[in-house]
Structures are given as structure tokens and as C-alpha cells.
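Student: I'll drop the sequence and a predicted model, then ask my questions.
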Amino acid sequence: AGVPPQMPAAAQALLAQYRVPHPERLIVSFYGAGVTLKNLISIVAELPPGSSELMCHPGVVDAQLQKSSSYCAERGLELEYLSHANARSALEVYGVELITFAQL
């Protein structure tokens, strides 16, 4: 629980043994072609109760990033959509609370 299903059982056991804090689920669909405001709001709307981590890599695209990463344009879009007023509204409407790993 809280780790990708493809993670080996031994790794999952170590997380449990050492009580490594982690969310109950990892959402990876906000990536690549899935980086749209519509998809983000849909993800928020469909979240089940409990803790979820949304895998994302938002950022400001500059020359250094363009030299070091092939995932550039999407980072700018992620930043735009994650900070969009409609995304914030969706969090409120669906009762989603943003937390840090320290709160797990």
C-alpha cells in the first residue's frame, strides 16, 4: 500500500519494517501527454480517501534545464496547471488537503 504494485515484495517489506512514511497510492497519470488541466482536475475529482502522491516535475524552463533534461516543455505546463485557479478550486470542491511527507 502506497507503493507502485510493480515494486518487489522485498522492497515493500523493508518500507514496512523500517516504517518509512509513504502515501497510500502514487498517481503517475499527470505525466507526458497526461499533463493537461482537464486531467489534473479529473485526478483530483476521482481521488479516493486517504493519502496520495501526484508524481510531477514542475519547473521554470531555462537554458540549464534544456541542456540537462528532455522533459522540459511539460515542466512548464505542470507548473502552470498546478498553480491554476481552477486546480485550486477543484481541491476545495473535492475536499483535498495538500500535505507534506512530514505529515504522513
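Tutor: Received, thanks.
Student: and the residue nearest to Y71 when sequence neighbours are not counted, helix, strand or coil?
Tutor: The shortest distance from Y71 to any non-neighbouring residue, by CB to CB, 6 or more residues apart in numbering, is to H57 (6.3 Å). C-beta: built from backbone N, CA, C; applies to glycine. Judged by DSSP: H, G, I helix; E, B strand; the rest coil, the three-state class of H57 is coil.
Student: elements contacting the lowest-mean-pLDDT helix or strand in the chain?
Tutor: Ranked by mean pLDDT, DSSP states H and E, the weakest helix or strand in the chain is helix 9-17, scoring a mean of 86. Other helices and strands packing on helix 9-17, by 3 or more CB pairs under 8 Å, 6 or more residues apart in numbering; DSSP states H and E, are absent; none qualifies.
Student: buried residues in it?
Tutor: Q12 (16 or more other CB atoms under 10 Å).
Student: Doesn't L26 belong to a strand?
Tutor: Yes - counting by three-state DSSP, L26 is part of a strand.
Student: Report pLDDT for it.
Tutor: The model reports L26 with a pLDDT of 90.
Student: how many other residues sit next to it?
Tutor: For L26, the neighbour count with other CB atoms under 10 Å is 15.
Student: How about it, nearest residue that isn't a chain neighbour?
Tutor: Nearest to L26 is E53, by CB to CB, 6+ apart, at 5.0 Å.
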